Structures are given as C-alpha cells and as structure tokens.
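1. kindly generate the corresponding structure for this input.
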Amino acid sequence: MYGTIARFQVKPGMEAKLDELQQEFAAAAVPGFITAYVYQMEANPHDHYLVVVFESQAAYQANANSPAQAARYQQLRAVMATDPEWHDGKIVSISQPSAG
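-> The predicted model follows:
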C-alpha cells in the first residue's frame, strides 16, 4: 500500500465544506483508492492532517497525475488557508484488532 499525509490549515468557517468535499471525493470511485482520514487538531482547530491510502504506488501516482484529481485538488485547495505540506510514502505497517 502507498499514500500520503498532508498538513494544512482550513479557512475559518470552511470545515463543513471540507467534510462535504471529502464525502464527494470518496464517492468518486478512484481506482486503487482505499480510504482517507481527516484529522482536526485539538491544539489549533484550523490545523488539519489528511491521510490517504491507495492499494499501490502506481495507483496513487495514476490518480495524482489525472485531470480529475487536479480538479478535485483545486476544490480542496479553495477551503485551505495555506498550501498543504505533502509527505508521500509506502505503508510498511498496519495494526488492526483481530476479528476474533
């Protein structure tokens, strides 16, 4: 698996729009997309972290280079007060509770 972690600030009053956009993006049926999480920091509610997971680096890069993703990014950037700080990488460990 592969993905990215982004740190950014949301413009005041745009939290609901951020959530709306995330729901729209999740429904877009992007090949290889697994999940995304948005964290809002307690210390500063304008600070957010976005964690996105893809099945592979190839799927992640295909999405990142697509015109559809460029359009989605422009919508997302409109709710941000700052440019995001991106950190891409291979997911090397996952911890989940057992199903038993």
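2. for H46, which non-adjacent residue is closest in space?
-> Spatial nearest neighbour of H46, chain neighbours left out: Q9 (4.7 Å); criterion: C-beta to C-beta, 6 or more residues apart in numbering. No exception for glycine: its C-beta is placed from N, CA and C like everyone else's.
3. please apply the same query to M41.
-> Nearest residue to M41, sequence neighbours excluded (C-beta to C-beta, 6+ apart): D47, at 4.1 Å.
4. same question for E85.
-> Spatial nearest neighbour of E85, chain neighbours left out: R7 (4.5 Å); criterion: C-beta to C-beta, 6+ apart.
5. relative to D83, how far out is the one you found?
-> Taking C-beta to C-beta, to the nearest Å as the measure, R7 and D83 are separated by 10 Å.
6. what about these two, which has more around it?
-> Using other C-beta atoms under 10 Å as the criterion, R7 and D83 rank with R7 on top: 15 against 10.
7. which other residues reach the host helix or strand of the residue nearest to E85?
-> Secondary structure from DSSP states H and E places R7 in strand 2-9. Here strand 2-9 makes contact (C-beta atoms under 8 Å, 6 or more residues apart in numbering) with 46-57, 59-60, 80-91.
8. chain center to that strand: distance?
-> Taking C-alpha atoms, centre = their mean, to the nearest Å, the mean C-alpha location of strand 2-9 is offset from the chain mean by 6 Å.
9. next, the angle strand 2-9 makes with the lowest-mean-pLDDT helix or strand in the chain.
-> Ranking every helix and strand in the chain by mean pLDDT, DSSP states H and E puts helix 15-26 at the bottom, with a mean of 90. Angle of helix 15-26 versus strand 2-9, following axes from the mean of the first three to the mean of the last three C-alpha atoms, to 10 degrees, is 160 degrees.
10. which strands or helices does helix 15-26 pack on?
-> The elements that helix 15-26 packs onto, with contact taken as 3 or more C-beta pairs under 8 Å, 6 or more residues apart in numbering; DSSP states H and E, are strand 33-40, helix 67-77.
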